[in-house]
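Peer 1: build me a model from this:
(2 chains)
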Amino acid sequence: MRNESSALLKVDGLEAWYGESHILHGMNFEVHKGEVVTLLGRNGAGKTTTMKSVMGMVGKRKGSITFEGVETINLSSNKIARLGVALCPEERGIFSSLTVKENMVLPPIVKPGGLPLAEVYDLFPRLLERGGSQGTKLSGGEQQMLAIARILRTGATMLLLDEPTEGLAPVIVQHIGDIIRKLKERGFTILLVEQNFHFAATVADRHYVVEHGHVIDMIPNAELTSNMAKLKGYLGV
Amino acid sequence: MTTNSVTSSATGPNKGVSRQAIFVGILLAVGLIAPFAVYPVFLMKGLCFALFAAAFNLLLGYVGLLSFGHAMFFGWSAYITAHAAKEWGLTPEIAVLLGTFCAAGMGAVVGWLAIRRQGIYFAMITLALAQLMYFVALQAPFTHGEDGIQGVPRGHLFGVIDLSDTLNMYYFVFGVFALALFFLYRVVNSPFGQVLKAIRDNEPRAISLGYQVDRYKLIAFIISAALSGTAGSVKSLVFQLASLTDVHWHASGEVVLMTLLGGVGTIFGPTAGAYLVVTIQNYFATLGSWVTIIQGVIFVICVLAFRAGIVGVLRPFLKKRGIEA
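Peer 2: The predicted structure follows:
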C-alpha cells in the first residue's frame, strides 16, 4: 500500500467552472512520484478541464490541489509552472512566429535537473533537423514532439500531457509511447489524458475513469484486462 | 543526413549576416548622403516620425498591443525638451534625455494601468489617458496652450557642435534614429523579444510555461513610450516648436497608419510607412484637406491589396536572400 503523503500531486474535491457552466464536480485523485497515471473518459467528461485546473488555467475553481505538499488552488498559472509542473496542451501551443529551436529554448528553467538540450535532441532527433523551421511549418507529429520536448529541459518534474496521440499516425503514436516510457525511466511523473485506452495501457501504471466531472473508478494497469468489459462500458466503446 | 542539414544550417546564417550587413550598410549610406539630394528638414521630419512609428511597432508588432494614446509620450516629451532647452538652457542631448526619461516614467504609469486589459479595452484606456494628458497640455501654463513653446533653441550638442546648422542637426537626428533602431532590432531579436513574440502568439501558453507576462508587457510598453518620447524630443528641436498637434489624438492615429502601411512587425516597415505619410502630407499639402482623403484611399488599398504593408510584402523576397527587413 502506498502512503497517501507520498502523492506528488493530490487533487481533492476539485470543482471548476467555465463562466456559468459547472464542469468539474469534485474530482479526487492522486499521482505518486515516478508514476504514469491516465485520465480516461468520454468527450466532455472533464479531463482537459482537470489538466487546465491543475495548471491554474481555469478562472473559477474550488477544492484542493497540492503539488509536493504546496496548495496551488489559488496560485496563478505561471507560479504553478515555477513549482515544477509543465503542461503539454491538446492544441500543442507552438509559438507560430518562432523557429523550432526558439520554441525549444523559450520555456524558462524552473528548477535544476531538467534534461540538457543535447539529451532532448537525442530523444527527438527530428527536431534537430528541423531547428530552423517555423513552428507552424511542422507536421502534426513534429509539432507534438516539439510540444513535449520543450518542457523537458525546464526542470519540471510533473508533466501533464493532454491527448498527445490525438490525430497522429500509428508510427508516431508508437514513438510517443516510447518517449513516455523513457521519461518514466528518467524519473518524470506523468499525468496523461487519453481517449485511446489501448495506447494508455502500454504506458500507464494506473487509470482513473472520469465521467460528468468526477472520478468514477480507478483501475490499476495490471488489472486492466480483467476489467476490460467494465472499462468499455464506461467509455461506451 | 543530420550532419548535412546541421552543416547547411550553420553556413546559412553566416551568408545571411554578410548580406544583412551589406543591406544595412546601403541604408546607412543612403541616410548619410540623403541631405545633399533632398530637403534636410523634410528628411528630419520623416526620421522623427519613423522613430515614433518604430517605437510604436514594438508594442503592436511584437506584443500585439494596439495603443491609441502614443501621442501623449511623443507630444509631452516634446514639451519637456522644449521647456528644458528654452527656459533652463540645457544642452540638446540632456534635454532629449530628459524628455525620454519623462516619457518612460509616463509609460510606466500608463502601462501599469493599461496592460491589465486586452484588445479594444487596452486601446480605449490608452486613448482616454492620452486625451486626459491632452487637456492638461492645453491648460498647463508652461505649454502656452494654443501657441505652444516656440523658438526653442537647438543649442550646441555636447556644448560643441552647433545644431542651428541644418546639416549638423540632420546628422544628430540621423544618429539618434540609427541608434534607436539598432536598439529595437537587438530587443526584438533577444530572448526578451522572443518572449514578447510568444506572448503575442499565444499568451495563455506563455503564462503556463512560467512567464509573468504582465511584467514583459510593461517593460515593452516603457521602452516603446521612452523611444516615442525620444522622437518627440528630437522633433521639438528640429522644428524649434512643441505644440498641441503632437499630443492630439490625430498623432496617435497617424502612427498607427504609418506602422500598418509600412509593415507591422518588421524592422524597417515603420520607416517606410512614416516616409510615405510624411511625403503625402508635404507634397500634397496644396490640396488642403484632400490629403486626409488621399491617405484614407491609400490605407484602403493597403488593407485590400497588401495587408502586410510595404516592407511586409517585400519581406519574403528579402528573406530568401538572407536579409531580415
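Peer 1: where exactly do the helices run in chain A?
Peer 2: Listed in chain order, the helices of chain A (DSSP state H) span A:47-54, A:77-83, A:100-105, A:117-123, A:125-129, A:140-149, A:170-185, A:197-203, A:228-235.
Peer 1: closest one to chain B among the ones you listed?
Peer 2: With C-beta to the nearest C-beta as the measure, helix A:77-83 is the member of the helices of chain A nearest chain B (3.5 Å). (Each C-beta comes from the backbone N, C-alpha and C, glycine too.)
Peer 1: and the pLDDT at A:Tyr234?
Peer 2: A:Tyr234 is assigned a pLDDT of 86 by the prediction.
Peer 1: I figured it was touching A:Met218, is that so?
Peer 2: No. Using C-beta atoms under 8 Å, A:Tyr234 is not in contact with A:Met218; the gap is 11.6 Å.
Peer 1: now the common contact residues for the two.
Peer 2: Shared contacts of A:Tyr234 and A:Met218 (C-beta atoms under 8 Å, 6 or more residues apart in numbering or on different chains): A:Val209.
Peer 1: of these two, who's got more company?
Peer 2: Neighbour count, other C-beta atoms under 10 Å in any protein chain shown: between A:Tyr234 and A:Met218, A:Tyr234 has more, with 20 against 14.
Peer 1: how near is the nearest residue to that one once chain neighbours are set aside to A:Gly46?
Peer 2: Leaving aside its chain neighbours, A:Tyr234 sits nearest to A:Val209 (4.8 Å; criterion: C-beta to C-beta, 6 or more residues apart in numbering or on different chains). A:Val209 sits at a distance of 12 Å from A:Gly46 (criterion: C-beta to C-beta, to the nearest Å).
Peer 1: and the spatially most central residue of chain B, what is it in contact with?
Peer 2: Central residue of chain B (C-alpha atoms, centre = their mean): B:Phe52, 2.4 Å from the mean position. Applying C-beta under 8 Å, 6+ apart, we find B:Phe52 in contact with B:His70, B:Phe74, B:Ser228, B:Ala231, B:Gly232, B:Val255, B:Met258, B:Ala274.
Peer 1: cutoff 7 Å now
Peer 2: For B:Phe52, the contacting residues are B:Phe74, B:Ser228, B:Ala231, B:Val255, by C-beta atoms under 7 Å, 6 or more residues apart in numbering or on different chains.
Peer 1: give me the element the first one is part of.
Peer 2: For B:Phe74, the element it lies in under DSSP states H and E is helix B:71-86.
Peer 1: who does that helix touch, helix- and strand-wise?
Peer 2: Judged by 3 or more C-beta pairs under 7 Å, 6 or more residues apart in numbering or on different chains; DSSP states H and E, the packing partners of helix B:71-86 are helix B:92-114, helix B:119-139, strand B:149-150, helix B:213-238, strand B:241-242, helix B:249-262.
Peer 1: up against chain A, what does the stretch 151-300 of chain B have?
Peer 2: Within the stretch 151-300 of chain B, the positions near chain A by C-beta under 7 Å from any C-beta of the partner chain are B:194-195, B:197-198, B:201-202, B:204-205, B:207-212.
Peer 1: now pLDDT too, for the residues you listed, in CSV please.
Peer 2: Formatted as CSV, these follow (pLDDT from 0 to 100):
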residue, pLDDT
B:Gln194, 95
B:Val195, 96
B:Lys197, 95
B:Ala198, 95
B:Asp201, 93
B:Asn202, 93
B:Pro204, 92
B:Arg205, 93
B:Ile207, 94
B:Ser208, 93
B:Leu209, 94
B:Gly210, 94
B:Tyr211, 95
B:Gln212, 94
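Peer 1: format the helices and strands packed on helix B:71-86 as a markdown table; extra columns: mean neighbour count.
Peer 2: Converted to a markdown table, these look like this (neighbours: other C-beta atoms under 10 Å in any protein chain shown):
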| stretch | mean neighbour count |
| --- | --- |
| helix B:92-114 | 21 |
| helix B:119-139 | 17 |
| strand B:149-150 | 18 |
| helix B:213-238 | 26 |
| strand B:241-242 | 25 |
| helix B:249-262 | 22 |
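Peer 1: mean pLDDT for these - can I get that in TSV?
Peer 2: Putting the helices and strands packed on helix B:71-86 into TSV (pLDDT from 0 to 100) gives the following:
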stretch	mean pLDDT
helix B:92-114	96
helix B:119-139	95
strand B:149-150	94
helix B:213-238	97
strand B:241-242	95
helix B:249-262	93
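Peer 1: those: which one's closest to A:Met228?
Peer 2: A:Met228 lies closest to helix B:213-238 among the helices and strands packed on helix B:71-86, at 45.2 Å (C-beta to C-beta).
Peer 1: how far off helix B:92-114 does that closest one point, in degrees?
Peer 2: For helix B:213-238 against helix B:92-114, the angle between stretch directions is 150 degrees (axes from the mean of the first three to the mean of the last three C-alpha atoms, to 10 degrees).
Peer 1: for A:Val210, which non-adjacent residue is closest in space?
Peer 2: Closest to A:Val210 by C-beta to C-beta, 6+ apart is A:Gly41, at 3.7 Å.
Peer 1: give the burial count for that neighbour, as a bare number.
Peer 2: 26.
Peer 1: thinking again about what came up before, pLDDT score for the residue nearest to the centre of chain B?
Peer 2: We have a pLDDT of 97 for B:Phe52.
Peer 1: where's B:Pro204 relative to B:Asn57, distance?
Peer 2: Distance from B:Pro204 to B:Asn57, by C-beta to C-beta: 24 Å.
Peer 1: looking at the two, which one has more neighbours?
Peer 2: Using other C-beta under 10 Å as the criterion, B:Pro204 and B:Asn57 rank with B:Asn57 on top: 27 against 15.
Peer 1: mind telling me what element the more buried one is part of?
Peer 2: Element membership for B:Asn57, per DSSP H and E: helix B:40-62.
Peer 1: buried residues in that helix, which are they?
Peer 2: Buried residues in helix B:40-62, counted by 16 or more other C-beta atoms under 10 Å in any protein chain shown: B:40, B:42-62.
Peer 1: ditto for stretch B:192-201
Peer 2: Across stretch B:192-201, burial judged by 16+ other C-beta under 10 Å covers B:Gly193, B:Gln194, B:Val195, B:Leu196, B:Lys197, B:Ala198, B:Ile199, B:Arg200, B:Asp201.
Peer 1: before we move on, what about stretch B:22-36?
Peer 2: B:Phe23, B:Val24, B:Gly31, B:Ala34, B:Pro35.
Peer 1: just the closest of those to chain A, please.
Peer 2: Using C-beta to the nearest C-beta, these come closest to chain A at B:Phe23, 19.9 Å.
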